[in-house]
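J.: Generate coordinates for the sequence data below:
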Amino acid sequence: MRNSLDGMRKFFASLAALAFGGAFWACSTFETAGTSEEAEGVVAIVDKNLAGVVQKGPFVTGSSIVLKETSASGNFKPTGREFFATTRSDKGDFKIDGINLESQYVRITATGYYKREQTGENSACQISLNALSDISNRDQVNVNVLTHLEYDRTLALIKKGMTFTEAKKQARQELMKTFYYDDLVEDSENLNINNSGDADKALKKISTFVDHILFGEEYGTAHWHSRDYKTYYTQYEEDPEKYCEEVQNYLDNFADILAGDDYERFDSQMLHDVLNGWFMED
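T.: You can find the predicted model right below:
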């Protein structure tokens, strides 16, 4: 199993290297400084009702949703006040009513099992997905693979002095470029794998791709990180807690890599072949 895990980590690093080059740098946590402009633009949220859907595939009924308030100082640090909800159906939908916050910038974490995109079966492992959003002018925030992958990068860019809007835009553009969707600019929190827009279809394809490289059957030229479905469940049954931790690490490692300004350079011809097969041959 260790070889497959090491291969996946190389894969995620290589994936980020498609969009960026240079020396490797990645962070797993960010103490965001914010900017004076951001602090001046902070507004309180009063009696807000917020809805959304959580999707890898769709999270199943009873999955946990935690909304964290951030400081009115504009530094994006959690204050410790949290709002809780659970998904209401196997469509991943949730609702949080009566939200009162000192800042419009919120952090959301969703944790649960999900319907696998490829098979429709429930996942064997729970995963957690993050989102960072300005809810001053929105009543819906969707949580998905793209919100998770742009989360740390957005915070890193804010720490460097960008406003929230600037940081979100750049993080989104960089992420979509990695998957060859340079022209899609829709906010990740708006996307839903069940909708028919181009950006929604892109989210579904990226989510399915991630599901496949984590759990799928033998996968073309990327054999060095693949394992068949039976082997996946054998490894899960042997040590489910450890294996599920590794599944989360796959996603978080990719987000960490994307958060940095520079990345380790790999020979990526195999990676190009893999991504071309998924994203360039429609």
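J.: What segments of this protein are helices?
T.: Secondary structure of the chain by DSSP state H: the helices cover 2-17, 36-40, 145-159, 164-178, 198-215, 229-238, 240-259, 269-279.
J.: Poorly predicted segments of the stretch 151-282 of the chain, please.
T.: 213-241, 262-282 (pLDDT under 70).
J.: ok, residue 108 to residue 186 distance?
T.: 18 Å (CB to CB, to the nearest Å). C-beta coordinates here come from the backbone N, C-alpha and C atoms, glycine included.
J.: Between those two, which has more neighbouring residues?
T.: It is residue 108, of residue 108 and residue 186, that has more neighbours when counted by other CB atoms under 10 Å, with 27 against 16.
J.: The more buried one pairs with what?
T.: Taking DSSP bridges as the rule, residue 108 bridges to residue 67, residue 131.
J.: Can you list the buried residues in stretch 137-149?
T.: Neighbour counts over stretch 137-149 (16 or more other CB atoms under 10 Å) mark 141, 142, 143, 144, 145, 146, 147, 148, 149 as buried.
J.: And it, end to end?
T.: 23 Å (CA to CA, to the nearest Å).
J.: Wait, residue 136 touches residue 104, no?
T.: Yes. Between residue 136 and residue 104 there is a contact under CB atoms under 8 Å: 3.8 Å.
J.: intersection of neighbour lists for those two?
T.: Counting by CB atoms under 8 Å, 6 or more residues apart in numbering, the contacts common to residue 136 and residue 104 are 43, 45.
J.: Just list the residues touching the closest residue to residue 130 other than its chain neighbours, thanks.
T.: In space, not counting the residues next to it along the chain, residue 130 is nearest to residue 151; the distance is 4.4 Å by CB to CB, 6 or more residues apart in numbering. Applying CB under 8 Å, 6+ apart to residue 151 gives the contacts 130, 131, 132, 255.
J.: What of residue 248?
T.: 125, 127, 128.
J.: rerun at 6 Å
T.: Residues counted as contacts of residue 248 (CB atoms under 6 Å, 6 or more residues apart in numbering) are residue 127.
J.: Ok, residue 77 next?
T.: Contacts of residue 77 (CB under 6 Å, 6+ apart): residue 71.
J.: From residue 260, how far off is it?
T.: Relative to residue 260, and taking CB to CB, residue 77 is found at 21 Å.
J.: can you check residue 112 too?
T.: In terms of CB to CB, residue 112 sits 29 Å off from residue 260.
J.: Please apply the same query to residue 101.
T.: For residue 101 relative to residue 260 (CB to CB), the value is 30 Å.
J.: And residue 173, by the same measure?
T.: Noted for residue 173: a distance of 16 Å to residue 260, by CB to CB.
J.: Other residues contacting stretch 127-135?
T.: 104-111, 141, 143, 147-148, 151, 154, 164, 189, 248.
J.: now stretch 192-209
T.: Outside stretch 192-209, the residues that touch it by CB under 6 Å, 6+ apart are 53, 55-56, 117, 142, 144-146, 179, 181, 184, 186, 191, 278.
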